[in-house]
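Enquirer: just a sequence and a predicted model for now, questions to come.
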Amino acid sequence: MAVLNLYSAEQARTIDRIAIEQAGVPGILLMKRAAFSAFQHLRAHWPQAQRIAVVCGVGNNGGDGFALAQYATLAGLQVDVLQVGPTHKIRGDALTMLHEMADLGLSGLPFDTNTLAEADVIVDALLGTGLDRPVEGAYRDSIEAINASGRPVLALDIPSGLSADTGQVLGSAVKAHLTTTFIVPKVGLYMEQGRECAGKIVCENLGVPLHTLAMQTPVARGLRWQDCVLPPRPAHAHKGRCGTALLIGGDALAGAIALTAEAALHAGAGLTQVVTRAEHRTALLCRNPALMVYDTLSPDRIEAASAIGIGPGLGQNDWGRQLLRQILHRDTPRVLDADALNLLAQTAMRADNWILTPHPGEAARLLGCSVAEVQADRIQAVRKLQQRYGGVIVLKGAGTLIDDGEHVDLCLHGNAGMATGGMGDVLTGILTALIAQGLPLPEAARSGVCLHAAAADLAAAQHGTRGLDPTQLLAPMQHLLN
Ligand SMILES: NC(=O)C1=CN([C@@H]2O[C@H](COP(=O)(O)OP(=O)(O)OC[C@H]3O[C@@H](n4cnc5c(N)ncnc54)[C@H](O)[C@@H]3O)[C@@H](O)[C@H]2O)[C@H](O)CC1
Ligand SMILES: [K+]
């Protein structure tokens with residue numbers, strides 16, 4: 001499975017340092033290579049650009065900007081360097097670049113919005129992996145002016161104001177059209193607000209030896225649908241060979257479990273059985289006659305299931321509680337979602353043969369913390385969930401995370417249209433169906449999450465993200481599966 005290794009800011013700094021100290025690559029050379037590669041991408045992306053504004057901070061990200069200003073000047077562009085932060089704070093390689101820039105007759109001018117308005121492209125060299133607190137004052141004003149300018153933006157390494165580790169915006173962050181990140185891709189670019197702030201992402205290795213990278217274990221692996229595994233489906237398969245997906249839920253309302261069941265059916269389960277309240281049976285059968293719908297859960301029915309998905313519309317009353325208790329004491333692989341997770345949060349249970357699929361609110365209840373704490377560091381949160389509950393954890397959100405106890409994987413597909421009710425119900429059905437067809441839980445989680453999000457991207461391309469209906473994922477999902 002070809003994956004995109006993603007690293008933390010600290011790991012990027014360590015790799016920088018090792019490359020400089022042990023691999024003998026001078027820091028100034030890394031900075032020049034960073035600037036040169038970024039300038040090449042600027043020319044490729046905006047070939048008509050004649051005038052650029054380079055907004056520089058006082059750290060090495062600013063140093064990248066000073067170096068890029070030189071390449072642009074030598075290439076004949078008109079370059080305005082706008083300096084944010086006191087010049088006396090500029091040190092080391094960045095100071096060397098500032099002096100070299102002066103040799104070309106270029107100097108940093110005080111930040112002003114008029115210069116931004118006249119630029120064909122703005123280069124964001126304010127802050128990179130050194131961001132260590134929310135931006136405020138001149139930094140915040142500059143970021144907001146860059147965003148308000150409406151001009152195309154190229155971000156160096158990280159859009160300024162974005163956390164390289166969590167994808168959270170610290171105060172305010174640049175919204176770039178293109179981000180050239182250096183040496184290694186940072187995980188924050190691919191999750192939460194990072195996906196919106198970074199725009200298109202290109203990574204430039206700067207010639208850092210691969211064995212230097214190998215010394216760091218990536219904090220997450222970026223997953224694409226095309227890298228995921230599918231359950232085997234022999235040509236002579238019959239329904240019995242494709243597993244029985246048993247879905248349980250629908251106390252007060254049947255909509256959620258109906259979506260789950262239809263998704264399981266379209267994701268290739270051989271048989272799709274539903275246990276729900278008696279009053280919902282007719283509605284479910286009318287929705288799709290291929291569904292086998294029951295109002296009781298017998299031990300035989302559990303025994304016959306290849307995989308169980310429980311939670312959508314389950315409710316937290318005696319009916320739902322009893323059904324959950326019945327399946328938790330069996331060893332059929334299962335997916336717990338929605339109210340099943342809320343009920344689980346009230347127990348001290350832990351297991352290996354389950355996939356839990358919390359959204360941030362359910363994760364907060366499972367961890368006994370606030371949603372803000374979950375979202376502040378989602379990788380930390382998914383790890384804690386996996387250590388506490390075992391099995392495989394799917395922490396849903398922008399850049400859904402999957403932790404199987406070995407790796408944390410990050411789904412690279414998905415869009416804002418998925419933040420609507422019912423999308424989670426569809427995912428539960430997909431996961432249950434993939435397990436029923438024989439995928440081990442970790443593979444089912446990775447493939448199911450990527451299939452779900454890639455289908456949502458196809459649906460959004462066709463219908464737009466606003467008002468995306470979960471049932472609009474079913475056809476593109478089948479397309480991806482065949
Ligand atoms: N040789 C190398 O290390 C290379 C680094 N690259 C570039 O360098 C940056 C990382 O540089 P660093 O100096 O560590 O950090 P920053 O430039 O991001 O700025 C840190 C600077 O800013 C101050 N600061 C932090 N947060 C804030 C804030 N919210 N408001 C104001 N000021 C803030 C902090 O105190 C420091 O003084 C990396 O991203 C690359 O762009 C090269 O690309 C490769 C070689
Ligand atoms: K930046």
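Expert: Received, thanks. Numbers count the residues shown, from 1 in each chain. Ligands and ions are numbered 1, 2, ... in the order given.
Enquirer: got the contact list for the lowest-mean-pLDDT helix or strand in the chain?
Expert: Lowest on mean pLDDT, DSSP states H and E among the helices and strands of the chain sits helix 210-213, with a mean of 80. For helix 210-213, contacts defined as CB atoms under 8 Å, 6 or more residues apart in numbering pick out 5, 15, 18, 19, 22, 23, 183, 184. All C-beta atoms are positioned from the backbone trio N, CA, C, and that covers glycine.
Enquirer: kindly export it (C-alpha atoms) in CSV.
Expert: The C-alpha trace of helix 210-213 is given here as CSV (Å, rounded to 0.1, in the frame of the first residue of the first chain):
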residue,chain,number,x,y,z
LEU,A,210,16.3,9.4,2.5
HIS,A,211,18.0,7.5,5.4
THR,A,212,17.7,10.8,7.4
LEU,A,213,13.9,10.6,6.9
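Enquirer: dump the helix or strand that comes right after it to PDB, keeping only the CA atoms.
Expert: Per DSSP states H and E, helix 210-213 leads on to strand 220-223 as the next helix or strand towards the C-terminus. Provided in PDB are the C-alpha atoms of strand 220-223 (Å, rounded to 0.1, in the frame of the first residue of the first chain):
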ATOM      1  CA  ALA A 220       0.400   9.400  10.400                       C
ATOM      2  CA  ARG A 221       0.200   7.900   6.900                       C
ATOM      3  CA  GLY A 222      -2.000   9.600   4.300                       C
ATOM      4  CA  LEU A 223      -4.300   7.100   2.600                       C
END
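Enquirer: and the closest residue to residue 283 other than its chain neighbours, what does it touch?
Expert: Once flanking residues are discounted, residue 283 sits nearest to residue 254: 5.5 Å by CB to CB, 6 or more residues apart in numbering. When contacts are counted by CB under 8 Å, 6+ apart, residue 254 touches 276, 277, 280, 283, 284, 313.
Enquirer: how near is residue 254 to residue 276?
Expert: Applying CB to CB, to the nearest Å, the value for residue 254 to residue 276 is 6 Å.
Enquirer: quickly list what's touching both of these two.
Expert: Common contact partners of residue 254 and residue 276 (CB under 8 Å, 6+ apart): 284, 313.
Enquirer: for the residue nearest to residue 283, phi and psi?
Expert: For residue 254, the backbone dihedrals are phi -100, psi -10 (criterion: degrees, to the nearest 10).
Enquirer: determine the three-state secondary structure at the residue most central in space within the chain.
Expert: Among the residues of the chain, the one closest to the centroid is residue 399, at 1.6 Å (CA atoms, centre = their mean). Per DSSP: H, G, I helix; E, B strand; the rest coil, the secondary structure class of residue 399 is coil.
Enquirer: and the pLDDT at it?
Expert: At residue 399, the pLDDT value in this model is 93.
Enquirer: quick revisit: are any of the contacts of residue 254 buried, and which?
Expert: The neighbour count (16 or more other CB atoms under 10 Å) marks 276, 277, 280, 284, 313 as buried among these.
Enquirer: what does stretch 472-479 rub up against?
Expert: 262-263, 266-267, 423, 426, 430, 451-452, 454-456, 458-459, 462-463.
Enquirer: distance from the chain centre to that stretch, please.
Expert: Remark: stretch 472-479 is offset 21 Å from the chain centroid, using CA atoms, centre = their mean, to the nearest Å.
Enquirer: so which of the buried ones among the contacts of residue 254 are also by ligand 1?
Expert: Taking CB under 6 Å from any ligand atom as the test, ligand 1 is in contact with none of the buried ones among the contacts of residue 254.
Enquirer: hmm, residue 434 is touching residue 267, no?
Expert: Yes - between residue 434 and residue 267 there is a contact at 6.4 Å, judged by CB atoms under 8 Å.
Enquirer: who touches both of these two?
Expert: 448, 451.
Enquirer: more crowded one of the two?
Expert: residue 434 (33 against 29; other CB atoms under 10 Å).
Enquirer: the longest helix along the chain - what's its average pLDDT?
Expert: In the chain, taking DSSP state H as the definition, the longest helix is helix 441-463. Taken as a whole, helix 441-463 has a mean pLDDT of 97.
Enquirer: residue 196 - nearest residue in space that isn't next to it in sequence?
Expert: Distances taken as CB to CB, 6+ apart place residue 175 nearest to residue 196, at 6.8 Å, with adjacent residues excluded.
Enquirer: for the stretch 201-350 of the chain, what are the low-confidence residue spans?
Expert: 234-240 (pLDDT under 70).
Enquirer: can you map out the strands along it?
Expert: For the stretch 201-350 of the chain, strands defined by DSSP state E, counting those that start in this stretch occupy the ranges 220-223, 244-248, 271-275, 292-294, 307-310, 334-336.
Enquirer: now tabulate those in JSON lines and tack on mean neighbour count.
Expert: What follows is the strands of the stretch 201-350 of the chain, written out as JSON lines (neighbours: other CB atoms under 10 Å):
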{"stretch": "strand 220-223", "mean neighbour count": "22"}
{"stretch": "strand 244-248", "mean neighbour count": "30"}
{"stretch": "strand 271-275", "mean neighbour count": "25"}
{"stretch": "strand 292-294", "mean neighbour count": "19"}
{"stretch": "strand 307-310", "mean neighbour count": "31"}
{"stretch": "strand 334-336", "mean neighbour count": "31"}
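Enquirer: how about those, which one is nearest ligand 1?
Expert: The closest of these to ligand 1 is strand 220-223. By CB to the nearest ligand atom, the value is 18.9 Å.
Enquirer: and that closest one, how far from the chain's centre?
Expert: For strand 220-223, the distance to the chain centre is 9 Å (CA atoms, centre = their mean).
Enquirer: likewise stretch 36-50?
Expert: Relative to the centre of its chain, stretch 36-50 is centred 28 Å away, using CA atoms, centre = their mean.
Enquirer: buried set for it?
Expert: 36, 37, 38, 39, 41, 42, 43, 45, 46, 49.
Enquirer: which non-adjacent residue is nearest the third one?
Expert: With CB to CB, 6+ apart as the measure, residue 180 is the residue that lies nearest to residue 38, at 4.3 Å, once sequence neighbours are left out.
Enquirer: what mean pLDDT does the helix or strand encompassing the one you found get?
Expert: Using DSSP H and E, residue 180 maps to strand 178-182. In this model, strand 178-182 has a mean pLDDT of 98.
Enquirer: and what of stretch 28-38?
Expert: Mean pLDDT, computed over stretch 28-38, is 96.
Enquirer: okay, stretch 324-334 in CSV with CA atoms only?
Expert: The C-alpha trace of stretch 324-334 is given here as CSV (Å, rounded to 0.1, in the frame of the first residue of the first chain):
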residue,chain,number,x,y,z
LEU,A,324,-26.1,-3.9,22.6
ARG,A,325,-25.6,-6.1,25.7
GLN,A,326,-26.7,-9.1,23.6
ILE,A,327,-24.1,-8.6,21.0
LEU,A,328,-21.2,-7.4,23.2
HIS,A,329,-21.0,-10.8,24.8
ARG,A,330,-20.5,-12.5,21.5
ASP,A,331,-17.3,-12.6,19.4
THR,A,332,-18.8,-11.6,16.0
PRO,A,333,-16.7,-8.7,14.6
ARG,A,334,-18.8,-5.6,15.1
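Enquirer: which residues are contacting that stretch?
Expert: 246, 248, 297, 302-303, 305-310, 314, 340, 343-344, 349, 351, 353-355, 432, 435, 441.
Enquirer: can you say which of the residues you listed are buried?
Expert: Among the contacts of stretch 324-334, the ones that count as buried by 16+ other CB under 10 Å are 246, 248, 297, 302, 305-310, 314, 340, 343-344, 354-355, 432, 435, 441.
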